[in-house]
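K.L.:
okay, sequence plus prediction incoming.
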Amino acid sequence: MRQRIHIISLMSLFGLILPSIVLAGSANLRWRANNEPDLATYNVYYGASPRSYGNPIPVGNSTSYEVDGLADGQTYYFAVTAVDTSGNESGFSNEVQEMIEAPDQQPPPVTTLSHNLKADFDGNGWNDIVWRHQSTGRDVIWVMDGTQRSTLIDLPYVTEPEWRMEATGDFDQDGHTDIVWRNYATGSITIWKMDRTRRVSYRMLAPVRDLAWAICGAADFNNDGHTDILWRNTETGQNRVWLMNQMALSQMIDLNSVADVNWDIVGTGDFDRDGNCDILWRNSRDGRNYIWHMNGTAYRSHVRLLEVADTNWRITGSGDFDGDGDCDILWRHAQNGNNVIWFLNATTYSSHIYIEAVQDTNWGSLI
Ligand SMILES: [Ca+2]
Ligand SMILES: [Ca+2]
Ligand SMILES: [Ca+2]
Ligand SMILES: [Ca+2]
C-alpha cells in the first residue's frame, strides 16, 4: 500500500430543500484508483480543520463518494487512504478543501459564456471589467451595462503585491465567471470561484515555479466547454495552453513560439467568429498589433491590426462590449489613466470610445 492516491476532484453540491425536511450540503469526492491487487477498501476522512479528521468512512473499492450532512458556510477538508486485505492502511492522500455553499435561492444561469462574452459577473449579458490596485491590494469589479459602468463592487483585498489577477473565465461551468490569480514570488496559482460578484471559495492549482512563465489569458481553445489557460514564457518566447477539466489541468499543448519577447499576448477572443478562439498580440517596443487566428490550439493565420505607436497604450483585455458579437479591445494608458474601447468589425478597427478614466495608474484593468 505504498502507492499514493490523489484526490482528483471535489465538487460541493447545493443543499436540497424538500418540503419540511432540510438536508445540509454535500461534497462529491473523486480520486485516482490504487492499482494494487490486494486493495480491500478506501477510507474517506474529513474534518473542519486541515489534517484533522473524524472517523474513517470505508467506501469499498469505489473511487468516488458523496459526503453529506455538511453545514452550509463551513469549510471542510478531505483525504482518502487505501486499506489492503491484511488491514494495512496507506498514508493520507493529498488534502482538498471546499467551502459548502448555502443553497442559492436563484437558479444558476444556464448560459454558456461565448468566446466574446467572457467576464459577465452579474449575468446581465454584458462584459464586466475587473480592476486591481497593485499597491493597496484593493480589487473591484466594474459591473458594466454596455460601455457604461453601472456599479462598482468590492472583492476581497489581496494585499501581497506578488499576487496578480491574470484572467477571467467560467472554470467550473456553473455559469459564473471565475478569476485566476498567480503569485509572481512563489509561482502559486489559484482560481477564485465566484457566485456572481461574490467569491465563495478558491482552488489552488499546482504551482509553476518558473516565473518566466506568465498567465496571459483564459478561454476555451479546444471547444470542449472547459475554459483553458494560456501561458507565455517571457524569456524563451514559448507559448502554451493548459487544457483544463474544470479547475484541474488535463493536458499541456505547446503553441508556436514567438522568440521576440517584445511581443505580449494581450487578449483572447473569437475575432473572425469562426467558433475558434483567437489570440491578440501587441508589441511593447514598436506598437504593432496582430491577431493570430487559431484552429483549436493550432495556429492558422494572422492578420495585422492598426498600429498604436504610443506604447504607453496597453491592451488590458478583449471581449464584446457593445453586444454586436464582434470582439472589441480594451486599452489603458499607463501615464494618464485614460481608458478606451476599440470596436472592431471582425478584425478591422471601426471606431473607439473613451470610457471613464482612472487617473491613478496603480489601478490595472482586466477583462
Ligand atoms: Ca464559475
Ligand atoms: Ca477547453
Ligand atoms: Ca476565430
Ligand atoms: Ca463588439
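P.N.:
Thanks, I have the structure now. Treat the numbers as computed from the prediction; the structure is a model and nothing was measured. Ligands and ions are numbered 1, 2, ... in the order given.

K.L.:
kindly report the residues of this structure close to ligand 4.
P.N.:
Counting by CB under 5 Å from the ion, the residues of the chain close to ligand 4 are Asp320, Asp322, Asp324, Asp326, Asp328. For glycine as for every other residue, the C-beta is placed from the backbone atoms N, C-alpha and C.

K.L.:
the last one contacts Ser318, doesn't it?
P.N.:
Spelled out, it's Asp328. Yes. Counting by CB atoms under 8 Å, Asp328 touches Ser318, with 6.7 Å between them.

K.L.:
all strands of the stretch 151-300 of the chain, in order?
P.N.:
All strands of the stretch 151-300 of the chain, identified by DSSP state E, counting those that start in this stretch, fall at 163-169, 178-183, 189-195, 198-205, 213-219, 228-233, 239-245, 248-255, 263-269, 278-283, 289-295, 298-304.

K.L.:
and of those strands, who's closest to Val96?
P.N.:
Closest to Val96 of these, according to CB to CB: strand 198-205, at 8.5 Å.

K.L.:
quick one on the thing from earlier: mind putting the residues of the chain next to ligand 4 into JSON lines with pLDDT and distance to ligand 3?
P.N.:
Formatted as JSON lines, these follow (pLDDT from 0 to 100; distance: CB to the ion, whole Å):
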{"residue": "Asp320", "pLDDT": "97", "distance to ligand 3": "13"}
{"residue": "Asp322", "pLDDT": "95", "distance to ligand 3": "19"}
{"residue": "Asp324", "pLDDT": "94", "distance to ligand 3": "16"}
{"residue": "Asp326", "pLDDT": "96", "distance to ligand 3": "11"}
{"residue": "Asp328", "pLDDT": "98", "distance to ligand 3": "15"}
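
K.L.:
most neighbours of all those residues, which one?
P.N.:
Using other CB atoms under 10 Å as the neighbour criterion, Asp328 leads the residues of the chain next to ligand 4 with 27 neighbours.

K.L.:
nearest residue to that residue other than its sequence neighbours?
P.N.:
Distance criterion CB to CB, 6 or more residues apart in numbering; nearest residue to Asp328, sequence neighbours excluded, is Phe321 at 4.7 Å.

K.L.:
now Asp360
P.N.:
Gly337 (6.6 Å).

K.L.:
burial count for Asn223?
P.N.:
By the measure other CB under 10 Å, the count of residues near Asn223 is 12.

K.L.:
which stretches of the chain aren't confidently modelled?
P.N.:
Within the chain, the set of residues satisfying pLDDT under 70 comprises 1-24, 101-113.

K.L.:
give the bridge partners for the residue nearest to the spatial centre of it, please.
P.N.:
In the chain, the centroid-proximal residue (CA atoms, centre = their mean) is Val180; its distance is 4.1 Å. Beta-bridge pairing of Val180 under DSSP bridges involves Ala167, Ile191.

K.L.:
against ligand 2, how distant is it?
P.N.:
Val180 sits 14 Å away from ligand 2, going by CB to the ion, to the nearest Å.

K.L.:
what sits against that residue?
P.N.:
With contact set as CB atoms under 8 Å, 6 or more residues apart in numbering, Val180 has these partners: 165-169, 171, 189-192, 215, 218, 229.

K.L.:
most neighbours out of these, which is it?
P.N.:
Highest neighbour count within the contacts of Val180, by other CB under 10 Å: Thr168, with 30 neighbours.

K.L.:
so that residue is in contact with Lys118, correct?
P.N.:
Yes. Contact status for Thr168 versus Lys118: in contact at 6.1 Å, counting by CB under 8 Å.

K.L.:
okay, and the common contacts of the two?
P.N.:
With CB under 8 Å, 6+ apart as the test, Thr168 and Lys118 both reach Thr177, Ala218, Ile367.

K.L.:
which residues touch Asp322?
P.N.:
Applying CB under 8 Å, 6+ apart, the residues near Asp322 are Gly146, Thr147, Asp328, Phe343.

K.L.:
okay, and the last one sits in which element?
P.N.:
In other words, Phe343. Following DSSP states H and E, one finds Phe343 within strand 339-345.

K.L.:
could you pull out the buried residues of that strand?
P.N.:
By neighbour count on 16 or more other CB atoms under 10 Å, the buried set for strand 339-345 is Asn339, Val340, Ile341, Trp342, Phe343, Leu344.

K.L.:
closest to Met294 out of those?
P.N.:
For these, the residue nearest Met294 by CB to CB is Leu344; the value is 16.7 Å.

K.L.:
name the SS class of the nearest residue to that closest one once chain neighbours are set aside, please.
P.N.:
Spatial nearest neighbour of Leu344, excluding adjacent residues (CB to CB, 6+ apart): Asp326 at 5.3 Å. Using DSSP: H, G, I helix; E, B strand; the rest coil, the structure places Asp326 in coil.

K.L.:
give the contact list for Asp326.
P.N.:
Asp326 makes contacts with Asn116, Phe271, Arg273, Asp320, Phe343, Leu344, Asn345, Ala346, as judged by CB under 8 Å, 6+ apart.

K.L.:
perfect, I'm done here.
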